[in-house]
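>>> Pasting a predicted model and its sequence here:
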Amino acid sequence: MYPITFSVSYTLKEYLDFVKNHALVVTNSELVTRGKPSLVKLPIFVLPLILLPAAIGFYFKKRDMPVCAFKIDALSIVRTTADGPYEMPWEKVVSIYKYPQGYLVASAAGAFPLPHRCLDSAQHLQLEALIDKRLSELVAAT
């Protein structure tokens, strides 16, 4: 397997789409825990409460990290920004979310959005295999 390498400069729309999709997943998880039915989409009145702070946070992140370079292999995901590299070993990945615009790979320390638009078809297949492997490890551990 070759390392998957790409760079990304996130767009505000893309970032907010990740936030909105993830907020729905988190909300539905909480609703199910309480024995209530899941939502198909977030209520319109909730969106500004989620998206406005996320947009402000995006501005500061984008200022500090305008471009992120990724190197993904069988051992870890390494994100390199102007602040230097940050490595997330696959065994530290606690959850992976598949959204229309990409994957959100999370550890206890944070998460990486990995947009589909940054991957060619071969890279996408390799990443999907790594994700499927980690997801099966997480299921086996429960």
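Sure thing, it's come through.
>>> Secondary structure element holding the residue lying closest to residue 106 once chain neighbours are set aside?
Using C-beta to C-beta, 6 or more residues apart in numbering and skipping the chain neighbours, the partner closest in space to residue 106 is residue 95 (4.8 Å). Just so you know, the C-beta spots here come from the backbone N, C-alpha and C atoms, and that holds for glycine as well. Using DSSP states H and E, residue 95 maps to strand 93-99.
>>> tell me which residues of that strand are tucked away?
When burial is assessed from 16 or more other C-beta atoms under 10 Å, strand 93-99 yields the following buried residues: 93, 96, 97, 99.
>>> now the angle between strand 93-99 and the helix or strand that that strand is followed by, please.
Proceeding N to C from strand 93-99, the next assigned helix or strand is strand 102-107, under DSSP H and E. Strand 102-107 runs at 170 degrees relative to strand 93-99, counting by axes from the mean of the first three to the mean of the last three C-alpha atoms, to 10 degrees.
>>> in a strand, that's where residue 77 is, yeah?
Yes - with DSSP: H, G, I helix; E, B strand; the rest coil as the criterion, residue 77 is located in a strand.
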